[in-house]
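Q: pasting the sequence and the predicted model now:
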Amino acid sequence: MSEFRQDIVSKHWVLFAPNRAMRPEDFKHEPASPNPKNLQEVDKRCPFCPGNETMNLEVASYHPGRKWKVRVILNKFEALGHTGGRERHDFYIVREGIGDHEVIVTRPHNVLTGFLSDDMVDAMLKTYQDRMIDLAQHPEVQYVHILQNHGREGGASVTHPHSQVFATPFVPEHLHDEVVGGQHYFGVQGACIYCEMILKELSDSVRVVLDHKDFLVFAPFASRVPYALRIIPKRHQANFFEMTDAERRSLAQVLKVCLQNIHNKLNNPSYNYYIHSLPASHSLHTRYDVRSYHWHLEILPRLNFWGGFELGSDVYVNTVLPETAADVFRRP
């Protein structure tokens, strides 16, 4: 039987229609990228590969020089830039696309993120933290959004594994809904809604995929897409950069397990993952309470396409119950 489920934080609705569900192997899609075994460690034509460093303007690097492991470069086709920042009101509200758009590149051309070494993923996550901290100091930046796109359906235009950083002059609506939802719950219950969610998921157990000492991985109760996963720290942390070095190394291991699971059990689909962390807002910082928000990482496999109902109503249809998805990922 179909059912509507509401996200307890954002209040967005999702329609689950399991009668339309398919087995993981029944989702028809081409693998998201060429088989890495058929790729070289370095592709001379790739703008992200070693040897082509002069093709991009470097912002920072981990182990700088010819032996770099992780590089941060400016996006040549940036969606945001420092071209002005004036907001105009003429019935419609217009704001210049001011901000930053960076790319974080890991070294091997032929190794997907989920199959990198623990040290390499840890270095990538450390770079995420460093860029969040640095960009949040810019007075025009209200939010720093870090994501990774994999595969054509996920929006990746380059095969070489990479992540992107967007620093925006406003707080995106979806993130704003989460922050407000957390604040409202804290005001009524006196507790972080995400900390309570962790306890609930552990108690129910049916949506839990991995119970790690530092992190919980589960299929969200009202996930918008089939086989979505959420990684959340067990220790209350409002900001992604609050992780200790030990916790970050744990996250590297957990993220690898999740991405390998998706790759192996869903036939290497396109995916997106992104980090939601407390906004860095300078002008509105008093609105944000570190006690009521809890950062998390969302992984969304791109196995389905949204149609008129989803786009017209903003209610998403998911054909796979999160309990079913968690069971698939828990299997050996």
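A: On my side now, so go ahead. Numbering: from 1, shown residues only.
Q: how near is the residue positioned nearest the centre of the chain to Cys49?
A: Of all residues in the chain, the one closest to the mean position by CA atoms, centre = their mean is Tyr274, 1.1 Å from it. If you measure Tyr274 against Cys49 using CB to CB, to the nearest Å, the figure is 25 Å. Heads up, the C-betas are built off the backbone N, CA and C, glycines and all.
Q: tally of neighbours for Cys46?
A: 18 (other CB atoms under 10 Å).
Q: scratch that, Arg107
A: 22.
Q: residues contacting the nearest residue to it once chain neighbours are set aside?
A: Distances taken as CB to CB, 6 or more residues apart in numbering place Lys69 nearest to Arg107, at 5.4 Å, with adjacent residues excluded. Shown in contact with Lys69 (CB atoms under 8 Å, 6 or more residues apart in numbering): Ser61, Tyr62, His63, Thr106, Arg107, Met120, Ala123.
Q: may I ask which of those residues has the most neighbours?
A: Sorting the contacts of Lys69 by how many neighbours each has (other CB under 10 Å) puts Thr106 first, at 24 neighbours.
Q: is that one bridged to anything, and to what?
A: Val70 (DSSP bridges).
Q: can you give me the distance of it to Val144?
A: Thr106 is 19 Å from Val144, by CB to CB.
Q: quick one: low-confidence ranges for the chain?
A: Scanning the chain for pLDDT under 70 picks out the ranges 1, 19-37, 64-65, 77-90, 93-97, 281-287.
Q: can you give me the helices in it?
A: Per DSSP state H, the chain carries helices over the ranges 118-135, 173-189, 193-204, 245-265, 308-313, 322-330.
Q: nearest to Asp7, out of those helices?
A: helix 173-189 (8.2 Å; CB to CB).
Q: go ahead and confirm Ile104 touches Val72.
A: Yes - with contact defined as CB atoms under 8 Å, Ile104 reaches Val72; the gap is 5.4 Å.
Q: quick one: which of these two has more around it?
A: Counted by other CB under 10 Å, Ile104 and Val72 do not tie: Ile104 has more neighbours, with 24 against 21.
Q: leaving aside the residues next to it on the chain, what's closest to that one?
A: Ser163 (4.3 Å).
Q: circling back to that earlier point, give the contact list for the residue nearest to the centre of the chain.
A: His145, Ile146, Leu147, Gln148, Leu297, Glu298.
Q: with Asp314 instead?
A: Asp314 sits in contact with His12, where contact means CB under 8 Å, 6+ apart.
Q: look up how far Gln183 lies from it.
A: For Asp314 relative to Gln183 (CB to CB), the value is 22 Å.
Q: same deal with Ser277?
A: Per CB to CB, Ser277 is found 15 Å from Gln183.
Q: repeat for Gly308
A: 34 Å.
Q: so for these two, which residue has more residues nearby?
A: Just comparing Gly308 and Gln183: by other CB under 10 Å the higher neighbour count belongs to Gln183, 17 against 7.
Q: now that the more buried one has come up, it's in contact with Arg291, right?
A: No - using CB under 8 Å, Gln183 makes no contact with Arg291, being 9.3 Å away.
Q: can you pull the contacts of the residue nearest to Ile104?
A: Applying CB under 8 Å, 6+ apart, the residues contacting Ser163 are Val103, Ile104, Met124, Tyr128, Ile146, Leu147, Gln148.
Q: residues contacting the nearest residue to the fourth one once chain neighbours are set aside?
A: With CB to CB, 6+ apart as the criterion, Tyr128 has its nearest non-adjacent residue at 5.2 Å, and that residue is Ile146. Residues counted as contacts of Ile146 (CB under 8 Å, 6+ apart) are Ile104, Tyr128, Arg131, Met132, Ser163, Gln164, Val165, Phe166, Phe240, Tyr274, Ile275.
Q: could you work out the most separated pair of those residues?
A: Taking CB to CB, no two of the contacts of Ile146 sit farther apart than Gln164 and Phe240, at 15.1 Å.
Q: quick one, which of those two is more surrounded?
A: Remark: of Gln164 and Phe240, Phe240 carries more neighbours, 23 against 19, as counted by other CB under 10 Å.
Q: from Arg45, how far out is that one?
A: 34 Å.
Q: quick one, strands of the stretch 1-150 of the chain?
A: 3-6, 13-16, 58-62, 70-74, 87-90, 92-95, 100-106, 143-150 (DSSP state E, counting those that start in this stretch).
Q: minimum distance to Glu323: which of these has it?
A: strand 13-16 (10.0 Å).
Q: flag every buried residue along that closest one.
A: Neighbour-count burial for strand 13-16, counted by 16 or more other CB atoms under 10 Å, picks out Val14, Leu15, Phe16.
Q: about what we covered before: please report how far the residue nearest to the centre of the chain lies from His145.
A: Relative to His145, and taking CB to CB, Tyr274 is found at 7 Å.
Q: try Phe309
A: 27 Å.
Q: higher neighbour count, these two?
A: Applying other CB under 10 Å to Phe309 and His145 shows that His145 carries more neighbours, namely 19 against 12.
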